[in-house]
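>>> Sequence and predicted structure, then a few things I'm wondering about:
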Amino acid sequence: MNICVYCASSGRISPVYFDAAGRLAGELVKAGVFVVYGGGASGLMGKLADTVLAEGGRIRGVIPHFMDKIEWTHPGLTELVLTETMQERKMKFLEGTDALVALPGGTGTLEELLEAITLKRLGLLTIPIVILNTAGYYDPLREMFEKAIRENFMRDKHRQMWTFVNEPEEVLPAIQGAAAWDKDAIRFAVP
């Protein structure tokens, strides 16, 4: 199984987020998952990669050339894919991916996650999307989704596009238990 993990590159965040990233990495390695992520060496990206590698797992980094040139790339990855643009990077994240997991992050992580949810809403992506809500980080996003549904910007059925979990150990069961999503979802994309 290939799982893409979206996460932050900031190293100035609470240790609780680093702990969760390390625990998730351990769970993924134990399950034999091939991890795909943003290729960075710092922040949650670095913690994820360091832990996967230290525990004998495999990890592919996908990073644009301009980030590689300023030495943001993790030096010990199993595989490295260099892209020309951020848009190409996001496409490479999804190639052959069986599920997506979003850890806490900033604008890049949010943008990647919301694009994936949009693609799923249109039936262009059908894989499970799990949002790891460490320390309640994503509570405002969950409320925003609920508001969008309450106010008819989305349908009740759209809740099946994602799963929020609080602990890293809940991620793989959430992927396995995710509702099936149909390529024909575009039929009900408009509320």
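Looks like it arrived, so ask away.
>>> Tell me which residues touch the residue lying farthest from the centre of the chain, please.
Using CA atoms, centre = their mean, the residue of the chain lying farthest from its centre is Glu151. It sits 26.7 Å away. Residues near Glu151 by CB atoms under 8 Å, 6 or more residues apart in numbering: none. Heads up, the C-betas are built off the backbone N, CA and C, glycines and all.
>>> what helices or strands is the helix or strand of the chain with the lowest mean pLDDT leaning on?
The helix or strand of the chain with the lowest confidence, counting by mean pLDDT, DSSP states H and E, is helix 65-69 at a mean of 91. In this structure, helix 65-69 packs against strand 79-83, with contacts taken as 3 or more CB pairs under 8 Å, 6 or more residues apart in numbering; DSSP states H and E.
>>> As CSV, could you dump the C-alpha coordinates of the strand it packs on?
Taking C-alpha atoms only, strand 79-83 is exported to CSV below (Å, rounded to 0.1, in the frame of the first residue of the first chain):
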residue,chain,number,x,y,z
GLU,A,79,13.4,7.5,-3.6
LEU,A,80,13.4,11.1,-4.7
VAL,A,81,11.2,12.7,-7.4
LEU,A,82,12.1,16.2,-8.5
THR,A,83,9.4,18.2,-10.2
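>>> now the strands for the protein?
Under the criterion DSSP state E, strands of the chain are mapped to 2-6, 34-37, 58-64, 79-83, 99-102, 129-132, 163-165.
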